[in-house]
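Engineer: following is a predicted model, sequence given first.
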Amino acid sequence: MKQDMIVILDLGSTENTVVARQIRSLGVYSEIHPHDITVAELNQLDNVKGIILNGGENRMVDGASVVVLDELYSLDIPVISIDYPESKCEVKYNTLPSDEEMKAFLFNDCKAEANWNMKNFVEDQIELVRKQVGDKKVLLALSGGVDSSVVAALLIKAIGKQLTCVHVNHGLMRKNESENVIEVFGNQLDANLVYIDATDRFLGKLEGVAEPEEKRKIIGSEFIRVFEEEARKLEGIEFLGQGTIYPDIIESGTKTAKCVKSHHNVGGLPEDLQFALVEPLAQLFKDEVRACGVELGLPAEMVYRQPFPGPGLGVRCLGAITRDRLEALRESDAILREEFAKTGLDKKVWQYFTVVPDFKAVGVRNHERSMGYMVVIRAVNTIDAMTASIERIDYDILENICARITAEVPSVSRVCYEITPKPVATIEFE
Ligand code: XMP
């Protein structure tokens, strides 16, 4: 390992990640580990320079209070505690240390080096992946989202053709997305890429299905089935690569924290397809994953792309999906994205997309009455997607987008701008 590390022991604090981020922001790598870590486990981690016992008010698990093993205090590694008045440390903080206090601990007491950067992280992870995988084969579901793209790029660097990426096009991708995955991973990075165009299969299963949760269920389970079929065709796969990132792990619950939501990147594979997991991004926060992607040379539009729901355009083509409405949705969304990129709004707005409801509205084309679809524009800003406010897009920009959509997508007769914040609305329409 190239990087020095500070280990934070989780005693139930809700602020473990705040401490981890503070330490990383000061240039030192840090990881959060369970409170009952043993000395042997600690020795497995390379380059541990210091330990922080991070208390908090929940220091109980299943009715028993949470304590750390006594031998941790007698190692040759400096230990401090935060919000843990009984701790046996000499240096105890009641609240989060200031940056100056933390710097003193990191650089004076622990003699850590500020060598946490993406270049070192990538080199470390390549070494760890090679050690874990040996000469075995790894399979990865590559959706083209930020996390799976970055993990793919890292694994290609680490193990090259021992990795097989499977990209399933469910027919609900945005314009040119699958083409970009093929171009970047198949052509530029020369990966083993299996491309499956499952458009007809997904749209067939979704035919006539209008209920949003039912649509989501079909898309999710069909995805697993297609992926499973491909996995069975490939021989000798022992590992499954996953773009798990740190927030996924936190939300899935730790020994001291309750599960917020269970996390499945590729959940639900059958019992007999059990793989060991390779998760090189599991310690990274989202902004660090993007920085890792940049370090690996991925294109900016892939690394900085806006969030896109797993069910894709399926939940934006409202009600029962039809091919012509899906086409209107895909084309109008592409125009919106182009215009946002031209005006710089793509760098400012958190999420923006179009939606096509399942009805037609009257319009006039070539002096004749004609019925057409309605395109709704949604553009929102948020920190955590729990609440969101709308972006106040300039009217000239909106009118230009409207003019382009109605000119270039003949099946559309109207364009609307949606102005409801979350709550009362949600970000998506379904
Ligand atoms: P809502 O509509 O709940 O959206 O305000 C909040 C954020 O979650 C995304 N979203 C999804 N992402 N699968 C996903 O992977 C889904 O089924 C799904 N539904 C909503 C949405 O795009 C927004 O960023």
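Structural biologist: Arrived safely.
Engineer: now the residue of the stretch 51-200 of the chain found nearest the ligand. Its backbone dihedrals?
Structural biologist: Closest contact between the stretch 51-200 of the chain and the ligand, by Cβ to the nearest ligand atom, is at Gly145 (8.8 Å). Yep, even glycine has a C-beta here, placed from its N, CA and C like the rest. Backbone geometry at Gly145, expressed as degrees, to the nearest 10, gives phi -70, psi 170.
Engineer: and what of Glu368?
Structural biologist: Per degrees, to the nearest 10, the backbone of Glu368 is at phi -120, psi 150.
Engineer: so what's it scoring on pLDDT?
Structural biologist: Predicted confidence (pLDDT) for Glu368: 95.
Engineer: that one: neighbouring residues, count only.
Structural biologist: 7 (other Cβ atoms under 10 Å).
Engineer: coming back round to it: retrieve the pLDDT associated with the residue of the stretch 51-200 of the chain closest to the ligand.
Structural biologist: 95.
Engineer: and what of Leu69?
Structural biologist: Note on Leu69: pLDDT of 89.
Engineer: do Asn265 as well
Structural biologist: 53.
Engineer: pretty sure Arg330 is touching Arg174, no?
Structural biologist: Yes - shown here, Arg330 and Arg174 form a contact pair, counting by Cβ atoms under 8 Å, at 6.5 Å.
Engineer: can you list residues touching both of those two?
Structural biologist: Counting by Cβ atoms under 8 Å, 6 or more residues apart in numbering, the shared contacts of Arg330 and Arg174 are Leu313.
Engineer: who has more neighbours, those two?
Structural biologist: Just comparing Arg330 and Arg174: by other Cβ under 10 Å the higher neighbour count belongs to Arg330, 23 against 19.
Engineer: doesn't that one fall inside a strand?
Structural biologist: No - counting by DSSP: H, G, I helix; E, B strand; the rest coil, Arg330 falls outside a strand, being helix.
Engineer: ok, now which ones touch it?
Structural biologist: Arg174, Lys175, Leu313.
Engineer: if I look at the first one, what pLDDT would I see?
Structural biologist: Looking back up the chat, that one is Arg174. pLDDT for Arg174: 98.
Engineer: then the last one?
Structural biologist: What the model reports for Leu313 is a pLDDT of 98.
Engineer: wait, doesn't it sit right on Ala328?
Structural biologist: No - Leu313 is beyond contact range of Ala328, at 10.6 Å (criterion: Cβ under 8 Å).
Engineer: which bits of the stretch 101-250 of the chain sit near the ligand?
Structural biologist: Arg216 (Cβ under 6 Å from any ligand atom).
Engineer: show me where the stretch 101-250 of the chain has helices.
Structural biologist: Using DSSP state H, counting those that start in this stretch, the helices of the stretch 101-250 of the chain run over 118-133, 146-159, 177-181, 199-206, 212-233, 246-251.
Engineer: want to throw these into a markdown table with mean neighbour count and distance to Glu271?
Structural biologist: As requested, the helices of the stretch 101-250 of the chain are exported to a markdown table (neighbours: other Cβ atoms under 10 Å; distance: least, Cβ to Cβ, whole Å):
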| stretch | mean neighbour count | distance to Glu271 |
| --- | --- | --- |
| helix 118-133 | 16 | 23 |
| helix 146-159 | 24 | 24 |
| helix 177-181 | 20 | 30 |
| helix 199-206 | 16 | 24 |
| helix 212-233 | 16 | 11 |
| helix 246-251 | 17 | 22 |
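Engineer: with distance to Thr38 added, can I get the ones you listed in CSV?
Structural biologist: Below are the helices of the stretch 101-250 of the chain laid out as CSV (distance: least, Cβ to Cβ, whole Å):
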stretch, distance to Thr38
helix 118-133, 21
helix 146-159, 29
helix 177-181, 43
helix 199-206, 48
helix 212-233, 36
helix 246-251, 20
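Engineer: how about those helices, which one is nearest Ala104?
Structural biologist: helix 118-133 (23.4 Å; Cβ to Cβ).
Engineer: pLDDT averaged over the closest one - what is it?
Structural biologist: Helix 118-133 shows a mean pLDDT of 95.
Engineer: what's that helix packed up against?
Structural biologist: helix 146-159, strand 276-278, helix 286-295 (3 or more Cβ pairs under 8 Å, 6 or more residues apart in numbering; DSSP states H and E).
Engineer: which one of those lies closest to Trp350?
Structural biologist: Closest to Trp350 of the helices and strands packed on helix 118-133 is helix 286-295 (Cβ to Cβ; 12.3 Å).
Engineer: who touches that closest one?
Structural biologist: With Cβ under 8 Å, 6+ apart, helix 286-295 has contacts from 24, 118-119, 121-122, 146-147, 149-150, 153-154, 245, 247, 281, 284, 300, 302-304.
Engineer: before we move on, what about stretch 414-427?
Structural biologist: 332, 351, 355, 361, 363, 372-378, 380, 382, 385-390, 393, 398, 401-402, 405-406.
Engineer: among those residues, which are within reach of the ligand?
Structural biologist: Checking the contacts of stretch 414-427 against the ligand (Cβ under 6 Å from any ligand atom), the matches are Gln351, Ala385.
Engineer: next step: the contacts of stretch 414-427 restricted to strands.
Structural biologist: 351, 355, 361, 363, 372-378, 380, 389-390 (DSSP state E).
Engineer: now the buried members of those residues.
Structural biologist: Buried subset of the ones in strands among the contacts of stretch 414-427 (neighbour count, 16 or more other Cβ atoms under 10 Å): Gln351, Val355, Gly363, Gly372, Tyr373, Met374, Val375, Val376, Ile377, Arg378, Val380, Ile390.
Engineer: residue ranges in this structure under the pLDDT threshold?
Structural biologist: Across the chain, the ranges flagged by pLDDT under 70 are 57-64, 253-267.
Engineer: report the separation between the residue nearest to Asp109 when sequence neighbours are not counted and Ile51.
Structural biologist: Using Cβ to Cβ, 6 or more residues apart in numbering and skipping residues adjacent in sequence, the residue nearest Asp109 is Pro78, 4.4 Å away. Pro78 is 7 Å from Ile51, where distance means Cβ to Cβ, to the nearest Å.
Engineer: and if you look at Arg378?
Structural biologist: 47 Å.
Engineer: same question for Cys402.
Structural biologist: 59 Å.
Engineer: between those two, which is the more surrounded one?
Structural biologist: The neighbour comparison of Cys402 against Ile51 (other Cβ under 10 Å) goes to Ile51, with 23 against 18.
Engineer: thinking that one is in contact with Ile77, fair?
Structural biologist: Yes - look at Ile51 against Ile77 with Cβ under 8 Å: they come within range, at 5.7 Å.
Engineer: how about Arg414, secondary structure?
Structural biologist: strand.
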